[in-house]
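Engineer: Return atomic coordinates for the entry below.
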Amino acid sequence: MLGRSTALACLALVGFASWLGGCGPDGVLPTSVDPGADFVQEDVTFDDEFFYCRVEPMLLQQGCGAGDPGQDPANGCHFSVTKFRLTDYMPRVSDSCRGDKLAPGALVPVAAQQNYAAAQARMKRDPNLAPLLTRPTGKATHPRQIFAENSPEAAVIRQWATQFASK
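Structural biologist: Presented below is the predicted three-dimensional model:
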């Protein structure tokens, strides 16, 4: 049989635990911050022209589509085997670029638009969190490192992270 002081201590502990769990939906000590009723996550769209003129050509030049013939199976990379699907097409949109912008009247085929949409989905404002950078540099799961973290190729992706518009 429990003594009176032990029974009171147990009762107090049960009461305290009930109080902690009963205050609000997250208890007295919530584990997250309530963003409020008017919370809106910013919709970011990365510059498509910069993608067509700088990012896409770099990805294709690095063999991200077809793969490296010495290391990868034929068309075993982003042309065929992953969720990040790139499509090969000719002539390339980058052929009609003037610097980082498309020439007036340049046509962007559906295949290029699909490549842009696939890359945009893997990009973030903080490029160090973007799969478009972390995977080919070997910072995240990828069959092999495509380019170094401090390479000119990585710099192109980092620069694209600064080329965006909020909607």
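
Engineer: can you tell me which helix or strand residue 150 belongs to?
Structural biologist: For residue 150, there is no helix or strand it lies in under DSSP states H and E.

Engineer: Distance check, it against residue 78.
Structural biologist: Computed with CB to CB, to the nearest Å, the distance linking residue 150 and residue 78 is 23 Å. (Glycine included, C-beta is placed from N, CA and C.)

Engineer: More neighbours: these two, which one.
Structural biologist: Each of residue 150 and residue 78 had its neighbours counted (other CB atoms under 10 Å), and the higher figure belongs to residue 78 (23 against 8).

Engineer: how close does that one get to residue 146?
Structural biologist: Counting by CB to CB, the separation of residue 78 from residue 146 is 10 Å.

Engineer: Quick check: neighbours shared by those two?
Structural biologist: When contacts are counted by CB atoms under 8 Å, 6 or more residues apart in numbering, residue 78 and residue 146 are jointly contacted by residue 64.

Engineer: isn't there a strand covering residue 60?
Structural biologist: No: secondary structure assignment places residue 60 outside any strand; it is helix (DSSP: H, G, I helix; E, B strand; the rest coil).

Engineer: Could I get the contacting residues of it?
Structural biologist: With contacts defined as CB under 8 Å, 6+ apart, the neighbours of residue 60 are 86, 88, 92.

Engineer: nearest to residue 49, of those residues?
Structural biologist: Residue 49 has its nearest neighbour among these in residue 92, at 13.7 Å by CB to CB.

Engineer: Can you tell me how far the residue lying closest to the closest one once chain neighbours are set aside is from residue 145?
Structural biologist: Distance criterion CB to CB, 6 or more residues apart in numbering; nearest residue to residue 92, sequence neighbours excluded, is residue 57 at 6.8 Å. Counting by CB to CB, the gap from residue 57 to residue 145 is 20 Å.

Engineer: Tell me which of these two has more neighbours.
Structural biologist: Each of residue 57 and residue 145 had its neighbours counted (other CB under 10 Å), and the higher figure belongs to residue 57 (17 against 12).

Engineer: before we move on, which element is that one in?
Structural biologist: Assigned by DSSP H and E, residue 57 falls within helix 56-61.

Engineer: Mind jotting down where the strands sit in the chain?
Structural biologist: Listed from the start of the chain, the chain has strands (DSSP state E) covering 44-46, 97-98, 101-102, 164-166.

Engineer: wait, which of those strands is closest to residue 61?
Structural biologist: Among the strands of the chain, strand 97-98 comes nearest to residue 61, with 14.1 Å by CB to CB.

Engineer: what lines up beside that closest one in the sheet?
Structural biologist: strand 101-102 (antiparallel) (DSSP bridges).
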